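Trainee: the amino acid sequence is not available; the structure is as follows:
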């Protein structure tokens, strides 16, 4: 019998952070990305095949909306939409 700590929790959420490559294939093409949020929160993109444009935004900030699930210490997001965030110059 599994404990509640192993249970999957899911919620719709909008997160903001940098898109970071996480895994590559044998031709060095990015195959997985994560969203690196503040407070050292990393959320892996579960459906990159549906939103391949996220790869071209690597190392840029974006706002991403979708269903976030946590299993143990791993969070994933099933992306519904995303918006690149323009970098603002400090004043």
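Mentor: That came in fine, so what should we check first? No experiment lies behind these values; they were computed from the predicted model shown.
Trainee: pairing partners for the strand of greatest length in the chain, with directions?
Mentor: Identified as the longest strand of the chain according to DSSP state E is strand 9-24. Sheet partners assigned to strand 9-24 using DSSP bridges are listed as strand 30-36 (antiparallel), strand 61-71 (antiparallel).
Trainee: the residue lying closest to residue 64 once chain neighbours are set aside: what's it in contact with?
Mentor: Distances taken as CB to CB, 6 or more residues apart in numbering put residue 82 closest to residue 64, at 4.5 Å, once the chain neighbours are dropped. Heads up, the C-betas are built off the backbone N, CA and C, glycines and all. By CB atoms under 8 Å, 6 or more residues apart in numbering, the contact list for residue 82 reads 51, 54, 62-65.
Trainee: give the buried residues for the host helix or strand of residue 82.
Mentor: Taking DSSP states H and E as the definition, one finds residue 82 inside strand 74-84. With burial defined by 16 or more other CB atoms under 10 Å, the residues of strand 74-84 counted as buried are 75-77, 79, 82.
Trainee: next, the angle strand 61-71 makes with it.
Mentor: In terms of direction (axes from the mean of the first three to the mean of the last three CA atoms, to 10 degrees), strand 74-84 departs from strand 61-71 by 160 degrees.
Trainee: state the mean pLDDT of strand 74-84.
Mentor: Strand 74-84 shows a mean pLDDT of 96 in the predicted model.
Trainee: low-confidence ranges, the protein, go.
Mentor: For the chain, the stretches with pLDDT under 70 are 1-8, 87-91.
Trainee: I figured residue 38 was touching residue 17, is that so?
Mentor: Yes. Here residue 38 reaches residue 17: they are 7.0 Å apart, a contact under CB atoms under 8 Å.
Trainee: higher neighbour count, the two?
Mentor: Using other CB atoms under 10 Å, the more surrounded residue of residue 38 and residue 17 is residue 17, with 19 against 8.
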